[in-house]
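Asker: generate coordinates for the sequence data below:
(3 chains)
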Amino acid sequence: MRINQSKSGPFWSLMQNLTPTAIICLSILIALIVLSIMAPWVSPYQPTKILTNESYQLISDSMLLGGDYLGRDMVSRLIYGLKITLGLTFAVTVLAFLIGCLLGFLAAVLGGKIDMLISRVIDALIALPAIMIALIVIASLGSSLPVLIITLALIDSTRVFRVARALAMNIVVSDFVEAARIRGEGIKWIMWREVMPNTLGPLAAEFGIRFTYTILFISALGFLGLGMQPPYADLGSLIRENMQGLLFGSYAPLYPALVISLITITINIFVDWYLQQRDTALSSEF
Amino acid sequence: MNLPLIVSRRIAIGVLTVLVVSLLVFAGTELLPGDVAQAILGPDATPESIANIRDRLGLNQAAYIRYIHWFGNLLQGDMGTSLVSNREVSVLIAERSSNTFLLAGVTALIAVPLSVLLGLIAATKPNGRVDKIISIVTLTLISIPDFLVAVILVSIFSVYLGWLPALSTIRSDSGFFELARMLVLPVTALSFTIIAHMARMTRTAVLNELSSPAIEMAILKGVPKSRILLLHALSNAIAPIVNVIALNLAYLISGVVVIEMLFNLNGLGKLLVGAVITRDIPLVQGCAMLFSAVYVLLNLFADTVSIVANPRIRHPK
Amino acid sequence: MNSDSTILQVQDLCVDVVDRHDKTLEIVSDISFSVAAGQVISLIGESGSGKTTIALAMMGYTRPGCKIQKGKIVLQGEDLLNLDLSQIESKRGSDIAYIAQSAAAAFNRALTIGSQVTEIAVIKGLMTRQQAEQRAMSLYKQLGLPNSETIGKLYPHQVSGGQLQRLMAAMAMMCHPKLLIMDEPTTALDVTTQIEVLQAFKYLIHEQNVAAIYVSHDLSVVAQMADDVLVLKDGRMVELNTIQNILDNPREEYTQKLMEAVPQLQLNGITHQSHVVDKNKPTREVSEKSSLNCIVEKKQDNEELLTVSNITAAYRSNSKTVLNNVSLKVNRGETVGVIGESGSGKTTLGRVISGLMPPSQGKIELKGSVLNKDYRKRSRDDLKQIQFVFQMAETALNPRHRIRQILGRPLDFYLGLKGKKAEERIYELLNLVELPADFIDRFPRELSGGQLQRINFARALAAEPKVIICDEITSALDTLVSKAIIELLINIKKHLGVAYIFISHDLSTVARLADSIVVMRNGEIVDFNTTEQILKPPYHEYTKLLLNSIPKLRTGWLEEIRR
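Answerer: Now for the predicted structure:
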C-alpha cells in the first residue's frame, strides 16, 4: 500500500526524522556559518594585528590557540579564514549549480543534437585536470576574488552538469513529462515546472557533496600558494604559511586543517543521513 | 546494435573529445600573458630581433593557422620545443612520465583491489558493525584534504620517526630499494583518498544490485549468501564498479600534481606546474594533451567494459 | 500416491511490518489453511490483501521491514518457524520452490538460463552437473519449450515472456519439491500464451504430485487451477472453501463482489452484453448544471468525428513495420475498442493518433480537417480535442504537483480559466469522477491506484476534448477497482457524449464498454465491427482464438481446450 496520509509537504516530514547525529552535524554547521558571518564582532583581534615578536607562541590567555609564524593570534586568523573559505566556496558552488543545472536540464529536455553538442564540450572540459585549468587561469589572470570564483565555478559546473543531466534524463522519460508534451507545453514549462521540482531532493544532496569537494580544492589551491593572496588568507593558505611550525612543535598548521575537515565531515554525515531518509521513504517520489 | 559498431562509436566520441580538448588547450594557452619572443631573447633584445624571432616562430600568423600547425605536429609526435630549456617537449615528457606512471600505477594497483574488497565486505552486512567502521573511516578520509594526509604522514614518518625520506627526488640511477623508500609516503597519501572514495562507491553499487528482484529470487532458491554476492550480484555490478574505478583513476591524475609538488617528485605534475609558472607554452600544451588523452582513454575503457559486460549486447536477439 | 497426505499446514499466521517511525502494523492476521500432495490451494485477493506476503512466508521469507510475528508453518511435520536460517535455506529450492510473477525480473540477466536452472541442484549436491542438465532438458520438453537441447545456453533476454515463465517452472521443479508456490505467474502474459503455461503447470503439479499454492487476483484462472480457494482481504481470511463451492455458492459478501466483478464474457461464454448495469448500484446522475461542453445530442450519431486512414508506421531505430495500412473511424460519442495482444501495435496506434509517433504514411482527420502527424506541429486547439490517458496513473502524474495544479493546468492552458472559476470547475471535475472535494490539495502519493486513474481521467476531461484515447487504463488495476473505473467511463459517456478509443488486451473489459471493436494482430486490423456483431458467429478466425482463450469462470474449462 503506497498511500501516505501525511498532509504536510515533503520537507517537514523529513525534519521529523532527525537523528541525534544529524542534529549535531546541522548545529555545528550552523554554528560555523554564524561564526563566519559574525567575524568582526566575535574575533578577539584583527587578523592582521601582530601581537608578539616571537613566532609560534604557545597557547596563552591572550592567544587561545597560540600564535602564528608572524606572531598573530591564531583564533582571529582562523575565524577570518573560515569566513573567506566559506564565502568563497558558497559563491562558487551556487554559481556552479546555476550554470550546471541550466545546461544539464536543457540538454536532457531538448535531447538530440543539442544534447550531444553540450555533452561533448563538457566532456572535454572535464578531461582537463581541474588543477591544471586553475593553474593556467591564475597564472594568466592572477588570483583575485572574481577570477577565483568564476574559474572554479566554471570548472565545477561541468561536474554539476553531469549530475543534473543524469537526474533530468531519468525524469524526462516518465509519462507525466510526455503528458505535458502532448498537452503542448513549451520547454520552459517542462524544465522548470515538471522536471526541476522532482530533482530538488537529489540536487540538494549533490550541493552538499560538491560543497565539500570545492572546499578541499580551494584549500589545495591555497596550500599551493595560488589562492587568496596576503594579507587575506583562507584556511588553505593558513596551513601553508604555518607549515614550518611543525618543526618547532607548534600545532598552528593543524588548526585550519581541522576546521576544514570538520566542515567536510559534518556535511558528509548530514548528506548521508539525508540520502538514507529519501531511500526509505515510502512515497513514490523521484 | 552490435558490438563492433557500438565500440567504434565510443572510440569516435573519444577522438572527438580529444579534438575539442586540443581546441580548449590551445585557446587557454593563448590567455597566458607575456610575449614569447621577448621571453626567449631577454629584456635587452632590440625590436628588430624580436620581430625577427616572431617571424621565424610564425607568431604573426592567425590563430587558427597556428592551431592547425600545432595539431598537425602533435599527431606526428612532435610536441614542439620547450621555450625555457630549448629541449624537445616530447623528450622532457618522456623522461618524467616514467616517474608519474610509477607513482600512479603503484597507487592504482594497491588501491583498486583493496577498495573493491572493502566495498564488498561493507555491502555484505549493511549497517552491521564492520560496515559502520568502514563507513566512518572512509567518511573521515574523504573529508580530509589529501595534502593534509601527506603532511601528517611526513611529520610522523619523516620528521618524527625518521624512517622514510620526506622528499622523493628520484634519479635515473636510483636503485630499487631506494625507489621503494621514496615512493611509500606519496603512494600512501594518494591511496587514502582514492580508497575511501572507491570503497564507498563500490558499496553503493553492490547494495544497489542486491536490492534487485533477481537477487530476491536467488535468495528464495536457497542460494548461499557468498555465492549470491560473488556471482549473482557481482556479475551485474561489474559495469558500475568499473565506472567507479575509472572515475577515481581520473581523479588520480589530478591528485598526482599536488603530491608531486609536496614530495618534490620529478614527474609530469611538477613539470606542468613549472611550465605554467614560467609561461612555457609548448610544454604546457604538451602536458595538458597528455593528461587529457589518458583521461579520455580511461573513460573509453570503462565504457567499453560496461558495454561488453552487458549480455544483451554480446548476444543480441 | 496418497492424496490425503497433508504436506503443508499453516496455523494462525501473523505478519507485521515496521515503518520508519518504528510503528508496527499488522499486515497479515490469523491465517490458517492446509494443502495436501497433488492439491492446489489458491490465495485470491486484491492488492494489499497480503497474498504475496503469505506466499513468501511459506518459505520463511519476509520482505525487508516485515517480520513473522506468530503462527506455525508446518511442512511435512516440521515447523519452519522453529528452524534457524541455514536450515530454512537448505529447504529452499529443494523442498519448497517458488515461481515469481515476473520471470524477466527474476532471472539474472547476466547469467545463462541453464546455469540458473541447474544451479541449486548442483550446489546442494543433489545431482551432478550431468544429471542436472539431463533433468533440465527433460523438463523443458515436458513444458513444451522449443530447442530443449540448446535453450539453456541462451540468456534471459533472448527468449519470450511465455517461454521464460515456463523456464522458471522448470527451475522450480528441478529438485522434485514437495511444495510449489506460484505467485501470479501468468498475470503478465497474453491470453493465448497463458493457456499453454497454465496447462504446463497443471501437468507438472499432478505428475510430480506436489502440493501447490497459486496466488492470483483472477477468479477465472483460479477456477482452472485450484482445488481449494482462500479469499483474502486486508490480510485477513474472508472465506476458505473448495473451488466448486465458491463458484456455486459464495457465502461472504466480499466473495460475491469478486464474483460479480468478473466480466460477462467470462461467465457463460459468448454472449454480448452492452452497458452492463450493476444491480446493486444506481447509475449516478450528473448534475444538469454541469457546464462541460462535450454534451451532444445522441440522436445525431454516425457523424464521423475522427478518421484514421492507411496508417503505416515504423520505429526509426528498428525499421520494422509496427503498423501496416491501418484505418479506423470514430463517430461522435462512440466508443471504439482496440483489442490486441502484445506486439499487435494497438498502443502504437494510440500514439500515432495522438501525434506522439508520426507515421510514415497515412493521415488523421478530425471533423474533416487533417491533423499534423507530429504533435509538436499541431495547434493548441487541435491538441485540446484529443486527450490521452496513460496506463500507469502513478507515473502519469507529477508527484510534486497537487491535484489542484494537475487539474488546473489544462483548464488554464486550453480554456483560459483561472482563479475562482478554475477552482469551481475543478470541484465539478472531482465530483464527476466521484472523488471527494478535499482531494484538491492532495499530492498523488496520498491517493490509491484507482483514485489516481480517476484523476488521470479528470485531467483529460478538463480539456473538454472530443476524443479521449485510453491506453490500457485498467490493466494495472485490481478487478474491483477496474470494474468501478469502467462504470465511471460508461456513465460519463452517457451524460457527456465523449468519444473514447479504448485500447486493451482484455476482450472481456472492452466488450462491456465499446460500441464497436477493432481487432489487431501484428500491426494490422484483422476484424472490425460493432461489438454485437464481433461477438456473434460467424467469427473471424483470430477473434475466435481470442474469445476461446479467455478463461471461463467454471472448472474444467482448461481441460476442454485442445492446442
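Asker: how about the residues of chain C that lie near chain A?
Answerer: Applying CB under 8 Å from any CB of the partner chain, we find that chain C lies next to chain A at C:19-21, C:47-48, C:354-356, C:375, C:378, C:380, C:383, C:388, C:390, C:392, C:394-401, C:409-410, C:413, C:442, C:445-448, C:459. Heads up, the C-betas are built off the backbone N, CA and C, glycines and all.
Asker: sitting in strands, which of these do you find?
Answerer: Those of the residues of chain C next to chain A mapping onto strands are residue C:388, per DSSP state E.
Asker: among the residues of chain C next to chain A, name the buried ones.
Answerer: Buried by 16 or more other CB atoms under 10 Å in any protein chain shown: C:47-48, C:354-356, C:375, C:378, C:383, C:388, C:390, C:392, C:394-401, C:409-410, C:413, C:442, C:445-448, C:459, out of the residues of chain C next to chain A.
Asker: state the pLDDT value of the most centrally placed residue in chain A.
Answerer: Nearest to the geometric centre of chain A sits residue A:211, at 1.5 Å (CA atoms, centre = their mean). We have a pLDDT of 94 for residue A:211.
Asker: okay, and residue A:52 sits in which element?
Answerer: In the assignment (DSSP states H and E), residue A:52 maps to no helix and no strand.
Asker: contacting residues around it?
Answerer: A:67, A:71 (CB atoms under 8 Å, 6 or more residues apart in numbering or on different chains).
Asker: what's the closest non-adjacent residue to whichever residue of the stretch 101-250 of chain B sits closest to chain A?
Answerer: Residue nearest to chain A within the stretch 101-250 of chain B (CB to the nearest CB): residue B:143, separated by 3.6 Å. Leaving out its chain neighbours, the residue that sits closest to residue B:143 by CB to CB, 6 or more residues apart in numbering or on different chains is residue A:264, at 3.6 Å.
Asker: and the helix or strand where that neighbour lies, average pLDDT?
Answerer: In this assignment (DSSP H and E), residue A:264 forms part of helix A:254-280. Across helix A:254-280, pLDDT averages out at 86.
Asker: also stretch A:126-133?
Answerer: 85.
Asker: for the one helix or strand residue B:123 maps to, packing partners?
Answerer: Take DSSP H and E as the rule and residue B:123 turns out to sit in helix B:89-124. Applying 3 or more CB pairs under 8 Å, 6 or more residues apart in numbering or on different chains; DSSP states H and E, one finds that helix B:89-124 contacts helix B:129-143, helix B:176-210, helix B:234-263, helix B:268-277, helix B:281-309.
Asker: give the next helix or strand downstream of the second one.
Answerer: Next helix or strand after helix B:176-210 toward the C-terminus (DSSP H and E): helix B:213-221.
Asker: and residue C:398, backbone torsions?
Answerer: The phi/psi pair for residue C:398 (degrees, to the nearest 10) reads phi -70, psi 120.
Asker: need the nearest residue in space to it, chain neighbours excluded.
Answerer: Residue C:398 sits nearest to residue A:176 (CB to CB, 6+ apart), 4.5 Å away.
Asker: next secondary structure after the strand or helix carrying the one you found?
Answerer: Using DSSP H and E, the element containing residue A:176 is helix A:175-183. Going down the chain from helix A:175-183, the next helix or strand is helix A:187-189, by DSSP H and E.
Asker: within range of chain B, give me the residues from the stretch 51-200 of chain A.
Answerer: A:120-121, A:123-133, A:135-137, A:139-141.
Asker: can you do 7 Å?
Answerer: A:120-121, A:123-125, A:127-132, A:135-136, A:139-140 (CB under 7 Å from any CB of the partner chain).
Asker: which among those end up buried?
Answerer: By 16+ other CB under 10 Å, these give A:121, A:123-125, A:127-132, A:135-136, A:139-140 as buried.
Asker: what residue ranges in chain C score low on pLDDT?
Answerer: C:1-4, C:20, C:268-302, C:317-318, C:562-563 (pLDDT under 70).
Asker: in it, which residue sits nearest chain B?
Answerer: residue C:92 (3.2 Å).
Asker: excluding sequence neighbours, find me the nearest residue to that residue.
Answerer: For residue C:92, the closest residue by CB to CB, 6+ apart turns out to be residue B:222, at 3.2 Å.
Asker: same check, this time on residue A:240
Answerer: Using CB to CB, 6+ apart, the closest residue to residue A:240 is residue A:223 (5.0 Å).
Asker: can you point me to the longest helix in chain A?
Answerer: helix A:74-110 (DSSP state H).
Asker: next, the angle from that one to helix A:175-183.
Answerer: Following axes from the mean of the first three to the mean of the last three CA atoms, to 10 degrees, one obtains 50 degrees for the angle between helix A:74-110 and helix A:175-183.
Asker: I'd like to know which elements the helix or strand following helix A:74-110 is packed against.
Answerer: Using DSSP H and E, the helix or strand that directly follows helix A:74-110 along the chain is helix A:112-127. Helices and strands touching helix A:112-127, by 3 or more CB pairs under 7 Å, 6 or more residues apart in numbering or on different chains; DSSP states H and E, are helix A:74-110, helix A:145-172, helix B:3-31, helix B:281-309.
Asker: next one: the second one to chain centre, how far?
Answerer: Pointing back at helix A:145-172 there. Centroid displacement of helix A:145-172 relative to its chain, using CA atoms, centre = their mean, to the nearest Å, is 12 Å.
Asker: would you mark the buried spots in that helix?
Answerer: A:148-149, A:151-165, A:167-169, A:171-172.
Asker: again, but for the last one
Answerer: Along helix B:281-309, these residues count as buried under the neighbour rule (16+ other CB under 10 Å): B:281-296, B:298-309.
Asker: likewise for stretch A:255-273?
Answerer: Neighbour-count burial for stretch A:255-273 [16+ other CB under 10 Å]: A:255-257, A:259-273.
Asker: quick check: closest non-adjacent residue to residue A:180.
Answerer: residue A:194 (5.1 Å).
Asker: so what's that neighbour up against?
Answerer: Counting by CB atoms under 7 Å, 6 or more residues apart in numbering or on different chains, residue A:194 touches A:176, A:177, A:180, C:398.
Asker: residues near the residue lying closest to residue B:77 once chain neighbours are set aside, how many?
Answerer: Excluding its sequence neighbours, the residue lying closest to residue B:77 (CB to CB, 6+ apart) is residue B:90, at 6.4 Å. By the measure other CB atoms under 10 Å in any protein chain shown, the count of residues near residue B:90 is 16.
Asker: test my guess that the residue of the stretch 101-250 of chain B closest to chain A contacts residue A:263.
Answerer: No. The criterion here is CB atoms under 7 Å, and residue B:143 misses it with residue A:263 at 8.2 Å.
Asker: point me to the residue of the stretch 201-350 of chain C nearest chain A.
Answerer: residue C:234 (9.5 Å).
Asker: and that residue, how many residues sit next to it?
Answerer: By other CB under 10 Å, neighbour count at residue C:234 equals 16.
Asker: so what's the backbone phi/psi at it?
Answerer: Here residue C:234 shows phi and psi, under degrees, to the nearest 10, equal to phi 50, psi 40.
Asker: that one: what's it in contact with?
Answerer: C:48, C:49.
Asker: how close does it get to residue C:161?
Answerer: Using CB to CB, to the nearest Å, we find residue C:234 at a distance of 31 Å from residue C:161.
Asker: up against chain B, what does chain C have?
Answerer: Counting by CB under 7 Å from any CB, the residues of chain C near chain B are C:59, C:61, C:89-90, C:92-94, C:98, C:100, C:102, C:105-111, C:119-120, C:155, C:157-158.
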